[in-house]
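# okay, predicted coordinates and the sequence, questions at the end:
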Amino acid sequence: MFGSQVLEVVIGVTLIYLVLSIGCSGIKEVIAAIFSLRANTLEKGVRNMLKNGPNDYTAKLFAHPLITGTAPEGQKPSYISARMFSAALFDIVAPADNAQPRTIQSLRAGVAQIPELKLRSTLLNMIDTSGTDVEAARLKVEHWFDDTMARVSGWYKRMAQKIIFVLGLLLCVAINADTLMIVRELWSDQALSSAMVALATKKVQSTSPADYLNREGSLEQVAGEIRGVNIPPIGWARDEHDIRALPNRFGAGALKVLGILLTSFAIVLGAPFWFDMLNNLINLRSSGNPPPVRGLETSSK
């Protein structure tokens, strides 16, 4: 009984974490679209590769037809393939001659004219180690771009986590999503924890992970998800005797801050993490306890 009650409480808390994570992810996506965060981060990564010397190769690259064609008119691209990057860069540093195809010699001569020492040295090293094969040099540039984009993805992920944490903190304060309070309420109210488990089971069984997690782009869907768990564990109350009331003592206030911070940090883990966790917990609860071994029962008597 004790183990089952603990599991039900954990399932209820996980469901709330999941819904809040989806809410914050949805709002983050809206912010990212408004401020072009992906496109700006991509441009920052490319600029870090090409630098910004007397010739702004980053501006030239983003003005190249191969690159401008990947985004709506007047907007910066949020994604560039390695193949397009290398083709555009080669066109900039060593424009193709209609009379003859680009050779490793013409490519090297064009790169040698780059005033930026670091960029020139990097490209010359790739060219010199490619022999006479232009395609080999192109592949080295593509690998260089892919390696840089892996780091850029890390930049964006860390920035997104910071945004989600701030959004999560604001959301938790607004709706009083206090982990400690939620745990206490679910533990003391068996009917409530059972209702949360039923709701969690319904969501897991009726929705595939891809469909459920892809809802984060719509604010209406996000609001609907939050309203879907608008039950006693969360929200503020005016009655000072209600567990959801604003604390009037220092100790209770400190616990309130701690509980809200715990929820905020949990949200940063992301909706995919909490969906998988919820699914595993539901499966664990459904499997139940294994039957006792008859041999052990007999020997214990």
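Okay, I see it.

# excluding chain neighbours, what is closest to residue 124?
In space, and not counting its chain neighbours, residue 124 is closest to residue 111: 5.7 Å by C-beta to C-beta, 6 or more residues apart in numbering. Where you see a C-beta, it was placed from the backbone N, CA and C, and this is true even at glycine.

# and the closest residue to residue 273 other than its chain neighbours, what pLDDT?
Leaving out its chain neighbours, the residue that sits closest to residue 273 by C-beta to C-beta, 6+ apart is residue 21, at 7.8 Å. Residue 21 is assigned 91 on the pLDDT scale.

# residue 198 versus residue 21, what's the distance?
21 Å (C-beta to C-beta, to the nearest Å).

# between those two, which has more neighbouring residues?
residue 21 (25 against 11; other C-beta atoms under 10 Å).

# which other helices and strands does the helix or strand hosting the more buried one contact?
Using DSSP states H and E, residue 21 maps to helix 2-34. Secondary-structure packing of helix 2-34 (3 or more C-beta pairs under 8 Å, 6 or more residues apart in numbering; DSSP states H and E): helix 134-175, helix 179-188, helix 190-206, helix 219-228, helix 250-268, helix 271-287.

# what's the distance between the helix or strand just after it and the middle of its chain?
Following helix 2-34 in sequence order, the next helix or strand is helix 37-50 (DSSP H and E). Taking C-alpha atoms, centre = their mean, to the nearest Å, the mean C-alpha location of helix 37-50 is offset from the chain mean by 18 Å.

# which residue is the nearest non-sequential neighbour of residue 45?
residue 152 (3.5 Å).

# distance of the one you found from residue 140?
19 Å.

# quick revisit: columns mean pLDDT on top of the helices and strands packed on helix 2-34, output as a markdown table?
Below are these laid out as a markdown table (pLDDT from 0 to 100):
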| stretch | mean pLDDT |
| --- | --- |
| helix 134-175 | 94 |
| helix 179-188 | 91 |
| helix 190-206 | 82 |
| helix 219-228 | 50 |
| helix 250-268 | 93 |
| helix 271-287 | 88 |
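
# burial of the closest residue to residue 278 other than its chain neighbours, as a residue count?
Distance criterion C-beta to C-beta, 6+ apart; nearest residue to residue 278, sequence neighbours excluded, is residue 14 at 4.8 Å. Residue 14 has 22 neighbours, counted by other C-beta under 10 Å.

# over to residue 146?
12.

# any idea how far residue 87 is from it?
15 Å.

# over to residue 108?
17 Å.

# buried stuff in the helix holding residue 21?
Buried residues in helix 2-34, counted by 16 or more other C-beta atoms under 10 Å: 7-29, 32.

# same check on stretch 130-143?
Result for stretch 130-143 [16+ other C-beta under 10 Å]: buried residues 130, 134, 137, 138, 139, 140, 141, 142.

# who touches residue 4 in this structure?
Residues near residue 4 by C-beta atoms under 8 Å, 6 or more residues apart in numbering: residue 285.

# now it: how far from residue 284?
Computed as C-beta to C-beta, the residue 4 to residue 284 distance reads 11 Å.

# swap in residue 119?
55 Å.

# with neighbour numbers in mind, choose between those two.
residue 119 (19 against 12).

# for the more buried one, give me its contacts.
49, 50, 51, 53, 57.

# got the contact list for the residue nearest to residue 45?
By C-beta under 8 Å, 6+ apart, the neighbours of residue 152 are 41, 42, 44, 45.

# which members of those residues are classed as buried?
The neighbour-count test (16+ other C-beta under 10 Å) marks 41, 42, 45 as buried among the contacts of residue 152.
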